[in-house]
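Enquirer: structure for the following, please:
(one chain, ligands or ions: 4)
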Amino acid sequence: MSDKAYMLFEEEQKQRGIDLEHVKAKLKQFKIETPSWGYGDSGTRFKVFQKVGVPRTPFEKLEDAAVVHRLTGLCPSVAIHIPWDHVDDYGKLKSHAESLGLSIGAVNPNLFQDDDYMLGSVTNSDPSIRRKATDHLLECVDIAKETGSRDLSLWFADGTNYPGQGDIRQRKHWMLEALTEMYRAMTADMRMLIEYKAFEPAFYHTDIADWGMAYNYAQKLGPQAEVLVDTGHHLPGANIEHIVAYLIDEKRLGGFHFNSYKYADDDLIVGSMNPYELFLIFYQIVLAANDADESIRDTVEKIAFMIDQSHNIEQKIPAMIRSVLNVQTQYAKALLINHEEVAEAAERGDVLGAEDAVRRAFEFDVTPLLHAVREEKGLPIDPMKAYQASNYATEILARGKGGASW
Ligand code: AOS
Ligand code: ZN
Ligand code: ZN
Ligand code: ZN
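Expert: Ligands and ions are numbered 1, 2, ... in the order given. Coordinates of the predicted model:
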């Protein structure tokens, strides 16, 4: 991309009243956490395809994540999943991350892959299973202390497949009991991010099925508990950006799991199916980031932007690069919204004018802007191409087949 393209872009944005220096500064600060599990083999309930070159250990997953960060400048932290990323010495994992220019991000307990949890983990009617599940939550708090992680992200597969299978209200109490125990074990600088999901693997009821339930738990627990919005976890037609705005306003939006969906929790590459929705989510975030109320700005500041995808047929590393670039692109577009123009149109009752002021930002080609940002940060202007031109993809083939899988 030539300087000329950027100059034209700059001129056009200036005329619209957009301060590109501010936009660039925002883009340079932007961070997206990638998940360790996104680098391993994963798939569907039908088949997990084993790829050659997939990381064999949590250490190698970090090495792949470091490549994504080196090429995009966007991903300095990596979420871990326990026990998928179990190591004997988490201090060692932390220093390995640091030696690669990374840090360990959110710690995700896994309460869905043990036979004991078939009828529930923290909501199981068997007290010894509930104890085991809660102990795992506490173990994850300890791991977070060792890895220096701020966030604990919780997703529970708990639910039932048939009416009568479980006592919904009793399970609600057990859920709160376990969360309370974990909450009390957290240090003052930790956050509990509570994820919700409409269905799957449970198909009748899920114990934390929507944002309202997650929000209710967070409120009962205290200010260190917040809601995590996974974009794939809603029933069709849900207005995710409304949920986002609502939770920001309540100061309970802790973070995102980004991915794309066509039907349900499809875990496809974020921005590949519904980029406009992603843009509208960022519209709400950018709007709140400029709020007069400092506590709202503070909430936005602390949002953990994370990827949660399952790359079944894609090559893992380029899939992750594509994902974070897609997020960056929609964020960049949202930064081009002229909020005064939107507000003035809305004030006049000019519905079409307001919609136009929002949509127009989406229609800009932000390539010159992103190239400029990358150039100024000393990054390759096209990280996908840079990855393909590197030897990394061939070097990792030496790892062979049968690496880490979920
Ligand atoms: C599951 O549907 C959730 O999105 C969780 O965040 C889960 O822990 C993650 O996807 C890893 O499988
Ligand atoms: Zn998720
Ligand atoms: Zn999910
Ligand atoms: Zn998902």
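Enquirer: from here on, contacts and neighbour counts on C-alpha atoms
Expert: Will do.
Enquirer: and Met306, what are its bridge partners?
Expert: Glu33, His257 (DSSP bridges).
Enquirer: then Leu268?
Expert: Assigned bridge partners for Leu268, using DSSP bridges, are Ser260.
Enquirer: wait, it sits on Asp308?
Expert: No - applying C-alpha atoms under 8 Å as the test, Leu268 and Asp308 come out as separate, 9.0 Å apart.
Enquirer: so for those two, which residue has more residues nearby?
Expert: Asp308 (26 against 22; other C-alpha atoms under 10 Å).
Enquirer: what sits against that one?
Expert: 34-35, 38, 230, 257-259, 267 (C-alpha atoms under 8 Å, 6 or more residues apart in numbering).
Enquirer: and the longest helix anywhere in the chain, what other elements does it pack with?
Expert: Once the chain is assigned using DSSP state H, the helix that runs over the most residues is helix 127-147. Applying 3 or more C-alpha pairs under 8 Å, 6 or more residues apart in numbering; DSSP states H and E, one finds that helix 127-147 contacts helix 90-99, strand 103-109, strand 151-154, helix 168-185.
Enquirer: out of the contacts of Asp308, who's near ligand 4?
Expert: Asp267 (C-alpha under 5 Å from the ion).
Enquirer: possible to save the contacts of Asp308 as JSON lines with pLDDT and neighbour count?
Expert: Output for the contacts of Asp308, formatted as JSON lines (pLDDT from 0 to 100; neighbours: other C-alpha atoms under 10 Å):
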{"residue": "Thr34", "pLDDT": "98", "neighbour count": "33"}
{"residue": "Pro35", "pLDDT": "98", "neighbour count": "28"}
{"residue": "Gly38", "pLDDT": "97", "neighbour count": "23"}
{"residue": "Asp230", "pLDDT": "98", "neighbour count": "23"}
{"residue": "His257", "pLDDT": "98", "neighbour count": "24"}
{"residue": "Phe258", "pLDDT": "98", "neighbour count": "27"}
{"residue": "Asn259", "pLDDT": "98", "neighbour count": "27"}
{"residue": "Asp267", "pLDDT": "96", "neighbour count": "23"}
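Enquirer: surely Asn274 is in contact with Ser260?
Expert: Yes - the pair Asn274 and Ser260 passes the contact test of C-alpha under 8 Å, sitting 6.9 Å apart.
Enquirer: who has more neighbours, those two?
Expert: Comparing Asn274 with Ser260 by other C-alpha under 10 Å, the one with more neighbours is Ser260, at 25 against 13.
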